[in-house]
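[1] fold the following for me, if possible:
(one chain, ligands or ions: 2)
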Amino acid sequence: MIVLVGFMGAGKSTVGRSLADRLGLPFLDSDTVIEERAGRSIAQVFASDGESAFRALEAATIADLLDGPSAVLSLGGGACGNPTTRGRLAGHTVVHLEVSFDQALARVGADPRRPVLAAPDLADRYAARQADYARVATVTVRTDARRPGEVAAEIAAALAADAGRAARLVHVGPDGPGGYDVLVGPGASARLPGLVPAGAVRALVVHTRSVATLAEGVRAMLGEAGCTAYLAEVPDAEAAKTAQVAASLWSLLGQAGFTRTDLVVGVGGGAVTDLAGFVAASWLRGVPVIQVPTTLAGMVDAAVGGKTGINIAEGKNLVGAFHPPAAVLCDTDTLRTLPAAELSPGMAEVVKHGFIADPRTLELIEADPVLAVDPTGPVLPELVERSVRVKAHVVTEDLRESSLREILNYGHTFGHAVEQVEGYLWRHGSAVSVGLVYAAALGRLSGRTSADLAQRHTDVLASVGLPVRYPDAAGERWSALLTAMSRDKKTRGATLRFVVLDGLAQPGRLEGPSEDLLRAAYREVAG
Ligand SMILES: NC(=O)c1ccc[n+]([C@@H]2O[C@H](COP(=O)([O-])OP(=O)(O)OC[C@H]3O[C@@H](n4cnc5c(N)ncnc54)[C@H](O)[C@@H]3O)[C@@H](O)[C@H]2O)c1
Ligand SMILES: [Zn+2]
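    Ligands and ions are numbered 1, 2, ... in the order given. Modelled structure (predicted):
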């Protein structure tokens, strides 16, 4: 949807029609649709029901239109004052037609059909609305002293230049409370101002030094959105996920007087989003958190799904809470600074999502494995989006039917065991990569997975530089691995269970495989 916003007199209808003609799309005007629905003019709705009733009707109408077929949609001048509407605009192309106050007045004159003209505080409204437009706009075009055709041409050119850069929206969980949007794509973090929850006046930006520049930009955007934002730099990687670091953040929140409606923002890898999410979950029993993951693993896994937590000496992720974010911004441009050694482990989860649910992911990687992992190329954002969609789908369905989430564990039973036996010196993704090869071997040896499909695991993972063997020809680590697998938290009771593939994108469960079978699969990855 291409949405036009701006003050009355900006030329939304005229420019909108001209733009719609150029793009071959229908033109819609939310005010006209509201009048049709209400069977009365907007002035009449204002006069008889009041402004707040009008705004509610307006928000509901816009929500419907945004869900409808593609069009150029012009919004009433006050529509962006509604935070729900602003949130809904995320993921759409939003064009702000900028007009000066004097020009706006000159254009609309004393039009009696415009109830807002009667407002005594018109100049104040103008100022407040400019801020709202800036929060949602992806493109801004000046309109003063310009003809509508000229403005439409400029917008069309800007849209063409912006094509492919528009963030894609993935919804997680129920519509309404508990549900949230994930925006994926290059530049997606710029959409932050429009997503700040209503009522947030303070924000704590938790980040590592590795993404300090981005965090500073996030602080500036929060300022634009009307929040006083504080930066909190935390130690790198797992050193961030400690009770001490969490306690230092609680103190910051306390000193700055954070209330129930204030906001925490996590900017960084999975370690930061886990920590920020946990601090948000526990402060005043839960305040909103917006996650801005900056690693591939963070985007396709840690930041989506609502699991948060910290580590203690006795183990990783033992203390935590389930706390779905208010929004997630997967800005794939941030991956440009990520060292290659950190990017490929994230690919293991992408490949996993491909095998359990999205064959197209595998095809995209196979077509050009080098391009697939290039953060400046067009394929990686698509892979991230597809992967987020798989996780979002599983997480959403899991809220209804409680065993689907288990399929995300594909490759993880053996992977976790490798991490443990290697004293957590292996990257999680590298261990999962070997774990996927192991699960495929287990599936093949138990007659569930075809030989070709099993081989495809090795080929795809190796093509993006992930390990596909766990060298141990003498089998020295087998008993430690078996013990670790038996202790894995995903294991129920005494029997071991694995996710295996009965076909591409057909995950199934393998319960209580014999030790001979487990060992035969091990010989394949260890040989
Ligand atoms: N909550 C969940 O569901 C879930 C799922 C998977 C993983 N996790 C957790 O996520 C963590 C692992 O996340 P990770 O793999 O992102 O590692 P990480 O957070 O440790 O980040 C890896 C490294 O990359 C650096 N970095 C991050 N973004 C960067 C950028 N854009 N440019 C340059 N450097 C950057 C970090 O500073 C760090 O050194 C683990 O703690 C794991 O438990 C949680
Ligand atoms: Zn994982």
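[2] where does the most centrally placed residue in the chain fall, helix, sheet strand or coil?
    With distances taken as CA atoms, centre = their mean, Val182 lies nearest the centre of the chain, 2.6 Å away. Val182 falls in the strand class when you classify it by DSSP: H, G, I helix; E, B strand; the rest coil.
[3] if I pick it, what's in contact with it?
    Leu169, Val170, His171, Val172, Ala303, Val304, Ala327, Val328, Leu329, Cys330, Val388, Ala392 (CB atoms under 8 Å, 6 or more residues apart in numbering). Quick note: C-beta positions are derived from backbone N, CA and C, even for glycine.
[4] again with Val136
    Counted by CB under 8 Å, 6+ apart, Val136 has contacts Val5, Cys80, Arg86, Leu89, Ala90, Val94, His96, Pro193, Gly194.
[5] what does Phe27 give?
    Gly16, Arg17, Leu19, Ala20, Ala71, Val72, Ser74.
[6] distance of the first one relative to Ala220?
    I take that to be Gly16. 31 Å (CB to CB, to the nearest Å).
[7] related to what we said a few turns ago, of the contacts of Val182, which belong to strands?
    Within these, residues falling in strands by DSSP state E are Leu169, Val170, His171, Val172, Ala327, Val328, Leu329, Cys330.
[8] of those residues, buried ones?
    Leu169, Val170, Val172, Ala327, Val328, Leu329, Cys330 (16 or more other CB atoms under 10 Å).
[9] so what's the closest residue to the fourth one other than its chain neighbours up against?
    Read it as Ala327. The shortest distance from Ala327 to any non-neighbouring residue, by CB to CB, 6 or more residues apart in numbering, is to Leu195 (4.4 Å). Residues near Leu195 by CB under 8 Å, 6+ apart: Arg86, Gly87, Ala90, Asp181, Ile290, Ala326, Ala327, Leu329.
[10] out of the contacts of Phe27, who's nearest His428?
    Closest approach between the contacts of Phe27 and His428, by CB to CB: Ala71, at 44.0 Å.
[11] wouldn't the closest one be in contact with Leu19 here?
    No: contact criterion CB atoms under 8 Å: Ala71 and Leu19 do not qualify, at 10.6 Å.
[12] ok, these two, which is more surrounded?
    Leu19 (26 against 18; other CB atoms under 10 Å).
[13] in the protein, which strand has the most residues?
    strand 315-322.
[14] report all helices and strands that it contacts.
    Packing partners of strand 315-322 (3 or more CB pairs under 8 Å, 6 or more residues apart in numbering; DSSP states H and E): helix 270-282, strand 307-312.
[15] just the CA atoms of the longest one, as PDB, please.
    These are the backbone C-alpha positions of helix 270-282, laid out as PDB (Å, rounded to 0.1, in the frame of the first residue of the first chain):
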ATOM      1  CA  GLY A 270      21.000 -12.400  20.700                       C
ATOM      2  CA  ALA A 271      22.900 -11.900  24.000                       C
ATOM      3  CA  VAL A 272      21.700  -8.300  24.100                       C
ATOM      4  CA  THR A 273      18.100  -9.000  23.100                       C
ATOM      5  CA  ASP A 274      17.900 -11.800  25.600                       C
ATOM      6  CA  LEU A 275      19.200  -9.500  28.400                       C
ATOM      7  CA  ALA A 276      17.100  -6.500  27.300                       C
ATOM      8  CA  GLY A 277      14.000  -8.700  27.100                       C
ATOM      9  CA  PHE A 278      14.600 -10.100  30.500                       C
ATOM     10  CA  VAL A 279      15.100  -6.700  32.100                       C
ATOM     11  CA  ALA A 280      11.900  -5.500  30.400                       C
ATOM     12  CA  ALA A 281      10.000  -8.600  31.600                       C
ATOM     13  CA  SER A 282      11.100  -8.100  35.200                       C
END
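[16] chain center to that helix: distance?
    15 Å (CA atoms, centre = their mean, to the nearest Å).
[17] next structured bit after that helix?
    As assigned by DSSP states H and E, the chain's next helix or strand after helix 270-282 is strand 289-293.
[18] hey, what's in contact with both of Ala71 and Leu19?
    Ile2, Phe27.
[19] pretty sure Arg360 contacts Arg386?
    Yes: using CB under 8 Å, Arg360 is in contact with Arg386, at 6.5 Å.
[20] same drill for these two, tell me which one is more crowded.
    Arg386 (21 against 12).
[21] which ones are touching that one?
    Counting by CB under 8 Å, 6+ apart, Arg386 has contacts Val350, His353, Gly354, Asp358, Arg360, Thr361, Leu364.
[22] neighbours of Val151, just the number please.
    Neighbour tally, Val151, other CB under 10 Å: 22.
[23] that one: which element?
    Using DSSP H and E, Val151 falls in helix 148-162.
[24] residues from the stretch 101-250 of the chain in reach of ligand 1?
    Thr208, Ser210, Val211, Asp236, Ala237, Glu238, Lys241 (CB under 6 Å from any ligand atom).
[25] what pLDDT does the residue in the stretch 1-150 of the chain positioned nearest to ligand 1 get?
    In the stretch 1-150 of the chain, the residue that lies nearest ligand 1 is Ala90 (21.5 Å; CB to the nearest ligand atom). In this model, Ala90 is scored at 78, pLDDT.
[26] wouldn't it be in contact with Leu169 here?
    Yes: with contacts counted by CB under 8 Å, Ala90 reaches Leu169, the gap being 6.5 Å.
[27] list residues touching both of those two?
    Asp181, Leu183.
[28] got the CA positions of the helix of greatest length in the chain in CSV?
    For the chain, the helix that runs over the most residues, judged by DSSP state H, is helix 379-398. Taking C-alpha atoms only, helix 379-398 is exported to CSV below (Å, rounded to 0.1, in the frame of the first residue of the first chain):
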residue,chain,number,x,y,z
VAL,A,379,19.2,-12.4,-1.2
LEU,A,380,20.1,-12.1,2.5
PRO,A,381,17.2,-9.8,3.3
GLU,A,382,14.8,-12.3,1.6
LEU,A,383,16.3,-15.2,3.5
VAL,A,384,15.9,-13.3,6.8
GLU,A,385,12.3,-12.5,6.0
ARG,A,386,11.5,-16.1,5.0
SER,A,387,13.2,-17.4,8.1
VAL,A,388,11.4,-14.9,10.4
ARG,A,389,8.1,-16.1,8.7
VAL,A,390,8.8,-19.7,9.6
LYS,A,391,9.7,-18.9,13.2
ALA,A,392,6.7,-16.5,13.4
HIS,A,393,4.3,-19.2,12.1
VAL,A,394,5.6,-21.8,14.5
VAL,A,395,5.5,-19.5,17.5
THR,A,396,2.0,-18.3,16.6
GLU,A,397,0.6,-21.8,16.0
ASP,A,398,2.3,-23.0,19.2
